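Chemist: generate coordinates for the sequence data below:
(3 chains)
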Amino acid sequence: MVDILTPIPGPADAPQLDELEGIAVESASPTQLAMRRYRHHRAAMISSVVLLLITLACVFAGVIAPYGENEAVDSADGGLRKEILVPPNSQFWMGTDSIGRDLYSRVLYGGRVSLFVGIASAISAGLIGTALGSFAGFRGGRIDNGLMRFTDLFIGLPLLVLLIIMRLLPEKQPWAATVLGEPGSKRLMVTLITLVAWMTTARIVRGVVLSLKEKEFVEAARAVGASDKRIIMRHLVPNTIGPIVVSMTFIVAAAIGLESTLSFFGFGLDPTQASWGNLLADAGTSVITGKWWLVLFPALVLLITILCINFMGDGLRDALDPKQEPQVAG
Amino acid sequence: MARFIALRAAWAIPVLFIVTFLTFWAVKSATDPVQSYLRVNTRATPEMVEVYKEKHGLIGSTPEQYFRWLGNFVTLEWGNSIKGNRPVWPDLKAAMVNSLILGITASIVGITIGLGIGIFSALRQYSKFDTAATGASFVGISMPPFVSAVLLQVFFAILITRWLGLDKPFLPVAGIYPPGQTTFDLGLRAKHMILPVTVVAIQIIAVYSRYMRASLLDVKGSDYMRTARAKGISERKVIMHHAMRNAMIPVVTVAAIDFGAIVGGLIITERIFEFHGTGDYLLTALGNGDFPQIMPLMFVIVSSVIIFNLLADVTYAWLDPRIRLG
Amino acid sequence: MKTMSNRPRWLLLLFVFALVVAACAEDTATSTTGAAETTTTAGGPTTSTEPAVTSAMTITYDINPDAVWSDGTPVTAADFICTYNAALNTPGSISTAGWDQIISVAAGASDKQVVAEFATVYAPYKGLFYWIIPAHGVTDPSCMDVSQDFLDALPLSARPWQLTSWSLDQAILEPNPTYWGDDKPIAARIVQVPRAEDGGIASLGAGEVDFIFPQAFAGISDALAGDNIKFVAGYGTNYEGLYFQQGEERNGPFADDTFRAAFSKSVDRELILANIYDPIFPGAPLLQCGLWVPTVGPWCQNDQFTNSYDPEGAVALLEGDGWTLNGDGFWEKDGAVPEIKWMINTPNPRRESTQALMIPEFAAAGFNVVADNGDADQVFQQRLPAGDYDLAMYINTASPDPTVTSIMSCSQVPGPENNNQGQNSVFWCNEDASALMQESDVTADEAARADLIHQIGQTLVDDSVMLPLFQFPNVAAWRTDRIEGDAPGADASNYRAFNNSSQLWQPLTDNNEIIIGAEQWPECVNPVTECANSSWMVWTTAFPVLPGVWDTTADGGTVLTNLMAGEPVVTVNE
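Modeler: Numbers count the residues shown, from 1 in each chain, chains lettered A, B, ... in the order given. As a prediction, the model looks like this:
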């Protein structure tokens, strides 16, 4: 809905542990403090565990999944018939679909694809955004202005519309297919999401760098004669990692949501490839025909994954940047 | 202040041209109108194709085509669609009306409830209400709208009807009116809007409640507020007069940006509930590669976003005198 | 030389002038098929010095004296002439087949009599004048181009219903006050709304619509289970099949005859039957003949495709033609692996399941098949006629007459010669088969004709034109608390429910109206151009509204309508 790449504010009321630290005898490094804060965020902790389980299961789908991704399971009594539309039972934990493919296996394989798209998009958007945002923020002046004006162009444009149009480009224009990716491919999906997501990270990083630039330790470093590059690497980057990680986490969640939405409407990944969006698209109106499992399990897994990632992002934000203000434009 | 607005407006105009030109180029490349035309008119002779290209100004370089198209657009000569040869303006007008009604209703409902929940949560921090609201808003954000749309549709329109043994749907499955309705009927219109508005509002509520809560908490704990309280002004007055105004700043900014997102979010809801608005219209047109239908709509969306951004900046500045970005 | 007086000289000049005009008009009107199909390819008569073609067959239609349009204007020969001109000349007309066999259509003894002269003894003549356009209802009085008419209205009717409103969201039929027949509608109103997402199944269950006509898929009986819902599957003349686009010019992978034959041999139709059709209609067999069905006439020789699945034969064919399996397991020749684009219309759960089932099977057999789908309008109104696919899967309706010339002959391959108006969307040209088709069209003796048709069927096998899959029942479902009795399902087999809606459908509702959920919705209601490719357009608007000479019966036969005062007189001129 609202620019889903912009993280929503977390509880701006996390315990101010660093204030308390002054009283206690022991001192802890910033990392340890962060971890402690994270552990206090119960929802994030639970989500981390759940997400870890889901990710491991999907990554090891090849080992765990009882059947193949597109394997129409032959029926037990021989013949050409497959195990069509079987409700969940001991053999097929999540039932089978209209041509006898095990849904549980497809959910696992589909998770691989969905998670890959999410993480890859977040990493590339994060890298590009960090690079451009820190450069612009550090240099300031015209470059900074230019970046802001440029990203201003795209704020508020409906993401879905942009993505669909861009998704159509490679179908008609061969050059787009080479540069961006073949229609229906994961590469195209990752590229497109990156293209719309990098701006969020860039703006956040730019903001942080701007505020840090004026701090005393940068002045001190300059006075000592440190080069720009050294200042960036040793002083600015470590302080921006927090917001970057938080931003990237939310991008993962948004990307998974976008991919599933696009796939559901046929503008996403190739239908022969299992992804959570494609599974939901296949399910179609299965609830009405009574085949509830085809809709419930993919939807549930999708929802839980995105929810966990959002909670984790919230926890990370509390942990890494406890006094930050709500992230808004400008 | 005036200078600020003038500067902003001056910047907005070239931005408008650039972005709409980029959109024009992108949409044309993505849909290839000539090919779409040939697909629909499979027996078109080369002469007919030339006539079509002439009529829609598809000759010459891309900037030339853009300005020609712009001329037609401004004079409201939006032509006919490729598929079905239907005039673009009447269909689009009807669709825009539907979407505006849906979007505005959902926004009013969503923002009001969202802000309310946010304020309540902030005032009763850590209460059961707060925790529940937080959890619910996270779920609202995490659930892709097509999932909630399908689930709501199945549950309220189909399952409940079945369980209660009704012979008319409890809530409508799809459409703006029940089949057979030819006249305007406010009650029926409203009934058919309940589910779509709910789907759109869920996300709005989730986001706005979070923003309001965080914003209000922020302000609540600031020095500014402590001073006001120290002066002896009642808590309620403090909140209403001072906290709210400052807390609204980020919310307003979000609201302005939200417009474009509303358009996007409507697409999903409209398609699933067969609510013939601009989102549904755009999705169909994109699927058909129907350039004459897509372009005017994209222009309207893009320029609305730019104008809203401008308005947001102005309002932002008005609310917070410290900000004079320029 | 004796000098001629003035009058004869002018007469002579006039006569020559008329000859030239007739010859030129002949060329444009008859395009390529011309008077008699010669053995040349899509060429047709080009010499302009031919005299007017002699009539081989004359049909005289006597219009019912009571027949009037809904505005009171009588139905006359002018409407027949208009229909003929429109079908033949409108750019974008979907079928000129048969119309191009007509030399002239004119009024007979009165304007309530129509005389049509045919250049050949055209056997499938009952397919012509299937519906009539009102001459005074089109903008072009000569009716040469009706493509701009009937975009969102069919204002004049000569059937029990009239289309009082039509839009992309809704169509409303109300009784035609001037209808002269006995079968006046029982219902007060029929409302039709699009329900493409699921064919209307959800809406029917929720009570939002009263009648639907969805395409069957596995699980549909569960979906239609309910106290107030009844559904009927009727075997009609529909059949589903796989079609290969083999046009030389279009240069798809199936233009290569060997490759196409090998692919055809690699399709395990029994597998499709077991997993796609059997779950819906248990026990029903595969269809084993090409473009006909066993329940209509002697035309289907139901064993021609029995042994189509021959994977070893496929391998032998390919290896013998220089193909090898590459590292990915696909057949490759000259370093290229052909990509086969399989087109179906979405949403359609049954066809989507078929794709999901068969694409991995094809891959295992070495063929790179990819799904390339679109919505119903795109597929049927645009891509299929343009040959914009390689493999297609769709349902065809076998007409009562076994002729397939209009869809399978060489002359109907879309090309410059026929202004791209051909209907042969598989782009198949076999001269011998086309000759057989022409011959069968003019063969009156049923046994002899059946023999010719069987031969044509065999060429379909030999040339790997298509693969029949299943004689597909139509499914009609309705709410028993809204519509009386079994009527809507009685003729589900041939969508007669739509045609006989006036008498069959008795609403049980207070407002005496029936609501239909439509699985597909046309872009317009023009009965001549692209929108007429949409079956739903035909069923929901043309059938109830536009009059015609014959109607189809449930078992695929024809019956005369009340538009005619009596049986049309067919005279074969020797």
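Chemist: span of stretch C:191-199 from start to end?
Modeler: Taking Cα to Cα, to the nearest Å, stretch C:191-199 runs 16 Å from one end to the other.
Chemist: same check on stretch C:251-268?
Modeler: Termini of stretch C:251-268 sit 26 Å apart (Cα to Cα).
Chemist: run a quick neighbour tally on the closest residue to residue A:242 other than its chain neighbours.
Modeler: Nearest non-adjacent residue to residue A:242, counting by Cβ to Cβ, 6 or more residues apart in numbering or on different chains: residue A:320, 3.2 Å away. For every residue, glycine as well, the C-beta is placed using N, CA and C. Neighbour count of residue A:320, defined by other Cβ atoms under 10 Å in any protein chain shown: 21.
Chemist: and the pLDDT for residue A:320?
Modeler: The predicted local confidence for residue A:320 comes out at a pLDDT of 77.
Chemist: equivalent analysis for residue B:15, please.
Modeler: We have a pLDDT of 81 for residue B:15.
Chemist: phi first, then psi, for it.
Modeler: Dihedral angles of residue B:15 (phi, psi; degrees, to the nearest 10) stand at phi -60, psi -40.
Chemist: equivalent analysis for residue C:395, please.
Modeler: Here is the backbone geometry of residue C:395 (degrees, to the nearest 10): phi -100, psi 130.
Chemist: and it, how close does it get to residue B:88?
Modeler: The spacing between residue C:395 and residue B:88, counted by Cβ to Cβ, to the nearest Å, is 33 Å.
Chemist: more neighbours, the two?
Modeler: With neighbours defined as other Cβ under 10 Å, residue C:395 and residue B:88 compare such that residue B:88 has more, 21 against 16.
Chemist: test my guess that residue B:295 contacts residue B:70.
Modeler: No. In this structure, residue B:295 is not within contact of residue B:70 by Cβ atoms under 8 Å, at 9.9 Å.
Chemist: more neighbours: which of the two?
Modeler: Counting neighbours by other Cβ under 10 Å for residue B:295 and for residue B:70 shows that residue B:295 has the greater number, 27 against 17.
Chemist: which secondary structure state does the closest residue to the more buried one other than its chain neighbours sit in?
Modeler: With Cβ to Cβ, 6+ apart as the criterion, residue B:295 has its nearest non-adjacent residue at 5.8 Å, and that residue is residue B:27. Going by DSSP: H, G, I helix; E, B strand; the rest coil, the secondary structure assigned to residue B:27 is helix.
Chemist: can you get me a residue count around residue B:27?
Modeler: Residue B:27 is surrounded by 22 other residues when neighbours are defined as other Cβ under 10 Å.
Chemist: so who does it touch?
Modeler: For residue B:27, the contact set (Cβ atoms under 8 Å, 6 or more residues apart in numbering or on different chains) comprises A:165, B:291, B:294, B:295, B:298.
Chemist: does the last one touch residue A:161 like I think?
Modeler: To tie it back to what came earlier, the one meant is residue B:298. Yes. Counting by Cβ under 8 Å, residue B:298 touches residue A:161, with 7.4 Å between them.
Chemist: what do the two both touch?
Modeler: When Cβ under 8 Å, 6+ apart defines a contact, the residues bordering residue B:298 and residue A:161 alike are residue B:282.
Chemist: tell me which parts of the stretch 151-300 of chain C are close to chain A?
Modeler: When proximity is defined by Cβ under 8 Å from any Cβ of the partner chain, the stretch 151-300 of chain C lies next to chain A at C:197-198, C:201-202, C:205, C:217-220, C:222-223, C:225, C:268, C:270-271, C:273-275, C:278-279.
Chemist: please apply the same query to the stretch 51-200 of chain B.
Modeler: Proximity of the stretch 51-200 of chain B to chain A (Cβ under 8 Å from any Cβ) is limited to residues B:125, B:134-135, B:137-139, B:141-147, B:150-151, B:154, B:158-159, B:200.
Chemist: can you tell me which of those are buried?
Modeler: In these, burial by neighbour count holds for B:134, B:137-139, B:141-147, B:150-151, B:154, B:158-159, B:200, counting by 16 or more other Cβ atoms under 10 Å in any protein chain shown.
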